[in-house]
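Peer 1: Let's see this in three dimensions:
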Amino acid sequence: MKPFAAPVDDILFTLTEVGGAASLHDWDGDLMREITQAFASFAEGEIAPLDEVGDTQGCRLEDGRVIMPDGFKQAYADYAEQGWPGLTVPEEYDGQGMGGVALACVSEVFSGANHSMQMVTGLVPGAVRTLLDYGTEAQKSAYIPRMASGEWLSTMCLTEPGAGSDLGRIRARAVQDGDAWKITGEKIFISGGDQDMTDEIFHLVLARTGDADSGVKGLSLFICLSHLPDGSRNPITVTRIEEKMGLHASPTCQMAFDGVQAELIGEEGAGLKAMFTMMNHARIDVALQGVAHATRAHDIAAAYCAERVQGRGADGQPATLDQHADVRNMLNEMRALSLLGRAISHLAIVELEKESDPMLVEFLTPIAKHFCTESASRAADLGIQCLGGYGYLQEYRVEQVWRDARICRIYEGASGIHALTLTTRLLQGRAAEAADRFAAFTGANAPAEAVAHWTRARAALAGSTDAAAKAADFMALSEWLLLRALAPRFQSHAAAPEIASYLARNDYMGAVLSDRICAG
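Peer 2: Predicted coordinates:
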């Protein structure tokens, strides 16, 4: 089995040469390398070895409490002791004050080393950002330092049995009780809803304060602490841990709230707006999870294919698998998918940090989430194929990559929802400025013929009465165009030939997709 190796050089190359991180006012390339390498060393030595353990053991629910797999509690204690939970927390709240670019570097490495553990720890930055944007000064001072220190972890409690993507169907009810609130209801699919790595947990809960028919306008966001000030437990109960295809070491919890004491964060009725602060962070994070899986799948497959001797070459001599054209094409595609996915994510992150072109970020975010997560499944599938029968076995663990990566296309907005967002909301009304900004970026960086295919399709959709039916094609076309805008920036990268080969093999798809969108 190929040990995990963090792709530090690729990460830093993409940030600077593709994402344009040097344009950030506080960019320090040497510091970013130091941070990324430091976390990579920790991840390779301590976090990654627990990935297989976690997959095999999974989590347990005992007496209403979740028990994590062997080694996770100590690894998290070391993670917290080194200060990683506070990486992006402002210094005034006992953090290190680094930006989203540093978080992106660490998050990708973490996901590649141990996606399950990253899932349980990874919601802290979004919770902190939500507090910074919507919390009172008292809430910020009381709660942020405890997450920065690693004393607390956080969750995001949205989904209910009857409310998945349609949050307007949420039924969990919050009622005012004097100066406080109490929440009663049920939440499902809550990552890290309970765990034994921290003594207490900070829950952000979306609940209904309006009447039953108030839709999303009747939703408010609340802070629910796992423990009350007197040390007793808030009545939050984990009723089950879901049995999942992958991410076995990430406890996905079904939770009951029985008159749980809560604090309103932000304004009553504005819960969805506040929660999206956390969700937008999570969508970029999920894109990087996809990049991490695609990278890991390629790393395993490339190492195996370079050593496995099968058949003979044109010269009659024994050949390794990577000398055969079919396998080489699969490896090239995997490599290109991981690098190009990272490029899209880093472009979005850098633009987000610059805060100068928010509408471009608005258009890039669904593309990043869609392309990177779809690419993860594709790369993992190709990895299994490259290894043949061994890929189907657990020995090389590429099948675990396939299982763990699959959820990325579902949570934080399923792939189809992001395609729908791109094709409908972001092409209409005032939000169409996002498409304008994407057109400007690709127009300045992609071949004119490629841009023309996309422009023609956009115009056709603007006059369509059923744009949703073309959503998948328009997402694919937007990705196809963006890749051609970013590929030239890899000219000095060693994998430039692999990227060129991948793009050449699907170059015809621009015209195909454009024609299909425009055909009635």
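
Peer 1: Just want the most central residue of the protein.
Peer 2: The C-alpha lying nearest the average C-alpha coordinate of the chain belongs to Val286 (Cα atoms, centre = their mean; 0.8 Å).

Peer 1: Tell me the buried residues in the particular helix or strand that has that one in it?
Peer 2: Under the criterion of DSSP states H and E, Val286 resides in helix 271-307. For helix 271-307, burial by neighbour count (16 or more other Cβ atoms under 10 Å) applies to 271-272, 274-275, 277-305. Glycine gets a C-beta too; all of them are placed from N, C-alpha and C.

Peer 1: follow-up on the earlier one: wait, the residue nearest to the centre of the chain sits on Ser415?
Peer 2: No - taking contacts as Cβ atoms under 8 Å, Val286 lies outside contact range of Ser415: 11.0 Å.

Peer 1: Overlap in contacts, these two.
Peer 2: Thr373 (Cβ atoms under 8 Å, 6 or more residues apart in numbering).

Peer 1: okay, which residue of the chain is out on the far edge from center?
Peer 2: Residue farthest from the centre of the chain, counting by Cα atoms, centre = their mean, is Gly316 at 46.2 Å.

Peer 1: Identify the residues contacting that residue.
Peer 2: Gly316 makes no contacts at all, as judged by Cβ under 8 Å, 6+ apart.

Peer 1: and it, which of the three is it?
Peer 2: coil (DSSP: H, G, I helix; E, B strand; the rest coil).

Peer 1: Dihedrals phi and psi, it?
Peer 2: Backbone torsions of Gly316, given as degrees, to the nearest 10, read phi 80, psi 0.

Peer 1: neighbours around Leu225, how many?
Peer 2: Leu225 has 21 neighbours, counted by other Cβ atoms under 10 Å.

Peer 1: got the phi/psi numbers for it?
Peer 2: phi -90, psi 140.

Peer 1: mind exporting stretch 147-164 as CSV, just the C-alpha atoms?
Peer 2: Taking C-alpha atoms only, stretch 147-164 is exported to CSV below (Å, rounded to 0.1, in the frame of the first residue of the first chain):
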residue,chain,number,x,y,z
MET,A,147,-12.9,26.7,19.2
ALA,A,148,-9.6,28.3,18.5
SER,A,149,-7.9,26.4,21.2
GLY,A,150,-9.5,23.1,20.1
GLU,A,151,-11.4,22.7,23.3
TRP,A,152,-14.6,22.7,21.3
LEU,A,153,-15.5,21.3,17.9
SER,A,154,-18.6,22.4,16.0
THR,A,155,-21.5,21.1,13.9
MET,A,156,-23.9,22.4,11.3
CYS,A,157,-27.4,21.1,11.9
LEU,A,158,-29.7,21.7,8.9
THR,A,159,-31.0,18.5,7.4
GLU,A,160,-34.2,16.8,8.7
PRO,A,161,-36.0,13.6,7.5
GLY,A,162,-38.4,15.7,5.4
ALA,A,163,-36.0,18.6,4.6
GLY,A,164,-32.8,18.0,2.6
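
Peer 1: number of nearby residues for Val89?
Peer 2: Neighbours of Val89 (other Cβ under 10 Å): 25.

Peer 1: no, scratch that, I was asking about Ala431
Peer 2: Neighbourhood size, Ala431 [other Cβ under 10 Å]: 15.

Peer 1: Contact partners for it?
Peer 2: Contacts of Ala431 by Cβ under 8 Å, 6+ apart are 362, 425.

Peer 1: Repeat that for Glu44.
Peer 2: 3-6, 113.

Peer 1: What is the top strand by length along the chain packed up against?
Peer 2: Counting by DSSP state E, the longest strand found in the chain is strand 252-265. Under the contact criterion of 3 or more Cβ pairs under 8 Å, 6 or more residues apart in numbering; DSSP states H and E, strand 252-265 touches helix 124-134, strand 180-191, strand 200-208, strand 219-225, strand 236-241.

Peer 1: Please look at Ile223 and Lys140 and confirm they touch.
Peer 2: No - Ile223 lies out of contact with Lys140 (Cβ under 8 Å); the separation is 11.3 Å.

Peer 1: who has more neighbours, the two?
Peer 2: Per other Cβ under 10 Å, whichever of Ile223 and Lys140 has more neighbours is Ile223, with 22 against 17.

Peer 1: and the gap between the more buried one and Leu123?
Peer 2: Using Cβ to Cβ, to the nearest Å, one gets 14 Å for the distance from Ile223 to Leu123.

Peer 1: what's the neighbour count on the nearest residue to Val66 once chain neighbours are set aside?
Peer 2: Sequence neighbours aside, Asp194 is the residue nearest to Val66 in space, at 4.0 Å (criterion: Cβ to Cβ, 6 or more residues apart in numbering). Neighbourhood size, Asp194 [other Cβ under 10 Å]: 23.

Peer 1: Quick check: Asp194 touching Thr252?
Peer 2: No - counting by Cβ under 8 Å, Asp194 stays clear of Thr252, with 10.8 Å between them.

Peer 1: Rebuild the contacts of Glu44 as JSON lines, extending it with neighbour count, secondary structure and pLDDT.
Peer 2: Shown next, in JSON lines, are those (neighbours: other Cβ atoms under 10 Å; DSSP: H, G, I helix; E, B strand; the rest coil; pLDDT from 0 to 100):
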{"residue": "Pro3", "neighbour count": "10", "secondary structure": "coil", "pLDDT": "95"}
{"residue": "Phe4", "neighbour count": "23", "secondary structure": "coil", "pLDDT": "97"}
{"residue": "Ala5", "neighbour count": "16", "secondary structure": "coil", "pLDDT": "98"}
{"residue": "Ala6", "neighbour count": "24", "secondary structure": "coil", "pLDDT": "98"}
{"residue": "Ala113", "neighbour count": "26", "secondary structure": "helix", "pLDDT": "98"}
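
Peer 1: Looking at those, which is nearest Asp177?
Peer 2: Closest to Asp177 out of the contacts of Glu44 is Ala113 (43.8 Å), distances taken as Cβ to Cβ.

Peer 1: who's in contact with stretch 320-329?
Peer 2: By Cβ under 8 Å, 6+ apart, stretch 320-329 touches 302, 304-311, 313, 331, 386, 501, 505.

Peer 1: swap the cut-off to 7 Å and go again
Peer 2: 305-311, 313, 331, 386 (Cβ atoms under 7 Å, 6 or more residues apart in numbering).

Peer 1: so which of the helices and strands packed on strand 252-265 comes closest to Glu362?
Peer 2: Closest to Glu362 of those, according to Cβ to Cβ: helix 124-134, at 17.1 Å.

Peer 1: Which residue comes closest to Ser478 once chain neighbours are left out?
Peer 2: Ile367 (5.8 Å).

Peer 1: sec struct for that neighbour, please.
Peer 2: Under three-state DSSP, Ile367 comes out as helix.

Peer 1: start the count at 816, not 1, going forward
Peer 2: Shifting the count to begin at 816 puts that one at Ile1182.

Peer 1: Could I get the contacting residues of Cys874?
Peer 2: When contacts are counted by Cβ under 7 Å, 6+ apart, Cys874 touches 881-884, 1056, 1064, 1066.

Peer 1: What pLDDT is listed against the closest residue to it other than its chain neighbours?
Peer 2: Using Cβ to Cβ, 6+ apart and skipping the chain neighbours, the partner closest in space to Cys874 is Pro1066 (4.2 Å). Pro1066 carries a pLDDT value of 98.
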